[in-house]
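Engineer: Generate a structure from the sequence data that follows.
(2 chains)
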Amino acid sequence: DTEVTQTPKHLVMGMTNKKSLKCEQHMGHRAMYWYKQKAKKPPELMFVYSYEKLSINESVPSRFSPECPNSSLLNLHLHALQPEDSALYLCASRLRGTNEKLFFGSGTQLSVL
Amino acid sequence: SQQGEEDPQALSIQEGENATMNCSYKTSINNLQWYRQNSGRGLVHLILIRSNEREKHSGRLRVTLDTSKKSSSLLITASRAADTASYFCATVRGSNYKLTFGKGTLLTVNP
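Structural biologist: So this is what the prediction gives:
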């Protein structure tokens, strides 16, 4: 299994809703990433987890709350989002070495109304 | 902040021609990688070049790295319509393996 699976593929939510994005991999990877990508822009790094511990937080607003319950699963909890948070949210994983590529999921397209 | 700057931002060529994309970055890196993205979905890794390497090949891809100029180039030879996509360079820095993308090049290969 060489896949990173993200659910849901599409999500529409109101500004008062609470929702979660899910990312799963069964490749034994020990580092997992969240990126945010606006249309026609490059992905922007949000969070990195290494061995289930948060190692990088790129000054992301607290309305985005990451969680890594185990080495295979990464969640992004969303609360009180703004319309400008509408974007493609990409999850990626990496085996954990000094020169390793990232494997990406196909993303969750989020629309905040 | 974005580490890499791609050049050109958009490139349109005919099938069979070669496509060259350039990437510049600002700080020292562990390695540099190139990714491809179709239609705003997931990214696919193409090739990785380490900071102590100068050139690498993979199939129709050739990547160069010049650490003195802090730049890299990606050459796609004998392009095909299926190569139409956005191409991003990504630099890796630090022990936390922070991978940061450049602005990307939109490549269109016309049949």
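Engineer: Bridged to the residue nearest the centre of chain A, which residues?
Structural biologist: Geometric centre of chain A, nearest residue: A:Trp34, 3.2 Å, by CA atoms, centre = their mean. Beta bridges link A:Trp34 to A:Phe47, A:Cys91 when assigned by DSSP bridges.
Engineer: who in chain B is up against chain A?
Structural biologist: B:2, B:30-31, B:33, B:35, B:40-45, B:48, B:50, B:88, B:96-104 (CB under 8 Å from any CB of the partner chain). Using the backbone N, CA and C atoms, a C-beta is placed for each residue, glycine as well.
Engineer: Give the partner strands of the lowest-mean-pLDDT helix or strand in chain B in its sheet and their orientations.
Structural biologist: When the helices and strands of chain B are scored by mean pLDDT, DSSP states H and E, strand B:5-7 comes last with a mean of 77. Partners of strand B:5-7 in the sheet, by DSSP bridges, are strand B:19-24 (antiparallel).
Engineer: Next SSE downstream of the partner strand?
Structural biologist: Downstream of strand B:19-24, the next assigned helix or strand under DSSP states H and E is strand B:31-37.
Engineer: and that next one, which strands flank it?
Structural biologist: By DSSP bridges, strand B:31-37 pairs with strand B:43-50 (antiparallel), strand B:85-93 (antiparallel).
Engineer: In TSV, list those strands along with mean neighbour count and mean pLDDT.
Structural biologist: Formatted as TSV, the strands paired with strand B:31-37 follow (neighbours: other CB atoms under 10 Å in any protein chain shown; pLDDT from 0 to 100):
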stretch	mean neighbour count	mean pLDDT
strand B:43-50	18	96
strand B:85-93	23	96
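Engineer: Find the nearest non-adjacent residue to A:Ser50, please.
Structural biologist: A:Ala31 (4.8 Å; CB to CB, 6 or more residues apart in numbering or on different chains).
Engineer: Would you mark the buried spots in the least confident helix or strand of chain B?
Structural biologist: Neighbour-count burial for strand B:5-7, counted by 16 or more other CB atoms under 10 Å in any protein chain shown, picks out B:5-6.
Engineer: And it, how far out from the chain middle?
Structural biologist: 9 Å (CA atoms, centre = their mean, to the nearest Å).
Engineer: Next secondary structure after that strand?
Structural biologist: The helix or strand immediately downstream of strand B:5-7 is strand B:10-14, counting by DSSP H and E.
Engineer: buried set for that following strand?
Structural biologist: B:11, B:13.
Engineer: What of stretch B:96-111?
Structural biologist: In stretch B:96-111, counting by 16+ other CB under 10 Å, buried: B:97-107, B:109.
Engineer: again with stretch A:44-53
Structural biologist: Quick answer for stretch A:44-53 (16+ other CB under 10 Å): A:44-50, A:52.
Engineer: ditto for stretch A:20-34
Structural biologist: A:21, A:23-25, A:29, A:31-34.
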